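Undergrad: give the three-dimensional model of this entry:
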Amino acid sequence: MSATVQLDRTDGVLTVTIDRPDARNAIDTATAQAIADAMDLLDDSADLVAGVLTGAGGTFCAGMDLKAFLAGERPSIGDRGFAGIVERPPAKPLIAAVEGYALAGGFEIVLACDLIVAAENATFGLPEVRRGLVAGGGGLMRLSRRVPYHLAMRWALTGAHVPAADAHAAGLVAETVPAGTALDAALGLAHEIAANGPLAVRATKQVITSARDWSTAEEFVRQREITEPVRSSADAREGASAFAEKRRPVWRGV
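TA: Numbering: from 1, shown residues only. All right, here's what the predicted structure looks like:
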C-alpha cells in the first residue's frame, strides 16, 4: 500500500483512510492506485463484509491533485477510473465518513459510496463549472440519481458548496453527526452491516444497484439470478437455525 492510504481491518470491516492532510487529501496517481488496491482487497477477502472510506486531518478530499496533474500524472486506475473507485466501486457496501470538504473529485468519490455519514461541518460540491470544466468522474450521473432533479441541476450548474445539513435534508446523507465523530459513526454502521450474512449483504447491494437498469418484464428473473444462490447457501441454513435456536449465527460465507 501507499504511504498516503492507511488500512485497518477489524471484525469484517475494512477502513480506508486517505492520508495526505497537507494536500487536503487530494488524489495523485499513487493514492489512486492505493485506493484501487484497497477496493480489490475489500472485494476479494472473504472475512471482509463492508468498508469505510474517510480522509485524515479533518478533510475528506479536495479532488484531484492539480500539482500532480500539471506534472503529467493522471490519477485514473484501469477500469476503476479516477481515484481507483469512481467507475467501478466495490461490490461490497462502502460507507463514506466525511469531515470537512468533499469537493470536485472528492465529492465524486463520496457519490461512488453506498452510504454517507457526514460531520455537521462537512461541505460537498462540484465546483468544476466555476473553472470552465465538467465533473467527469461520475458526479453528474450519480448526483441526479441520489437527489431530486432540481437540486442536482442547481448544485451542478452553480458549482455551489452544499452544507451537510442541506445534503441530509435532500436525502443524500444518511446521518449527520458532530464534527470529529463521522468515522466512529460510520464504523458503527459498517459493523452493524458486517454482523449480517456476507453473501446476503453482497447480493442485496447488487440487486439495489443493478435494478435501475432492469425492465419490469425481466426484473424478477434477474433478481433470482442473484438471490437464489444465497437462498440455497449454507449461510441461509445457518441463519434459519440460529433464529430457531435463539443464538447468534456463525457465518462462513458459503
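Undergrad: how about the helices in this structure?
TA: Ranges of helices in the chain, per DSSP state H, are 29-44, 66-70, 105-111, 139-146, 149-158, 164-169, 182-194, 198-210, 219-231, 234-245.
Undergrad: redo the ones you listed as a markdown table? Include distance to residue 60, mean pLDDT and mean neighbour count.
TA: (Each C-beta comes from the backbone N, C-alpha and C, glycine too.) As requested, these are exported to a markdown table (distance: least, C-beta to C-beta, whole Å; pLDDT from 0 to 100; neighbours: other C-beta atoms under 10 Å):
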| stretch | distance to residue 60 | mean pLDDT | mean neighbour count |
| --- | --- | --- | --- |
| helix 29-44 | 13 | 97 | 21 |
| helix 66-70 | 17 | 84 | 13 |
| helix 105-111 | 6 | 98 | 28 |
| helix 139-146 | 14 | 96 | 18 |
| helix 149-158 | 17 | 98 | 15 |
| helix 164-169 | 11 | 98 | 19 |
| helix 182-194 | 9 | 98 | 20 |
| helix 198-210 | 22 | 97 | 17 |
| helix 219-231 | 31 | 96 | 13 |
| helix 234-245 | 34 | 95 | 13 |
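Undergrad: those: which one's closest to residue 22?
TA: helix 66-70 (11.6 Å; C-beta to C-beta).
Undergrad: can you dump the C-alpha atoms of that closest one in PDB for me?
TA: Taking Å, rounded to 0.1, in the frame of the first residue of the first chain, the C-alpha atoms of helix 66-70 are listed here in PDB:
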ATOM      1  CA  LEU A  66      -3.600  19.700  -9.500                       C
ATOM      2  CA  LYS A  67       0.100  19.900  -8.900                       C
ATOM      3  CA  ALA A  68       0.500  16.200  -9.800                       C
ATOM      4  CA  PHE A  69      -1.800  16.700 -12.800                       C
ATOM      5  CA  LEU A  70       0.300  19.600 -14.100                       C
END
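Undergrad: which residue packs closest to the most centrally placed residue in the chain, ignoring adjacent ones?
TA: Central residue of the chain (C-alpha atoms, centre = their mean): residue 113, 1.9 Å from the mean position. Leaving aside its chain neighbours, residue 113 sits nearest to residue 96 (4.0 Å; criterion: C-beta to C-beta, 6 or more residues apart in numbering).
Undergrad: quick revisit: turn the helices of the chain into JSON lines, columns for distance to residue 118.
TA: Converted to JSON lines, these look like this (distance: least, C-beta to C-beta, whole Å):
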{"stretch": "helix 29-44", "distance to residue 118": "20"}
{"stretch": "helix 66-70", "distance to residue 118": "25"}
{"stretch": "helix 105-111", "distance to residue 118": "9"}
{"stretch": "helix 139-146", "distance to residue 118": "13"}
{"stretch": "helix 149-158", "distance to residue 118": "15"}
{"stretch": "helix 164-169", "distance to residue 118": "4"}
{"stretch": "helix 182-194", "distance to residue 118": "6"}
{"stretch": "helix 198-210", "distance to residue 118": "21"}
{"stretch": "helix 219-231", "distance to residue 118": "30"}
{"stretch": "helix 234-245", "distance to residue 118": "32"}
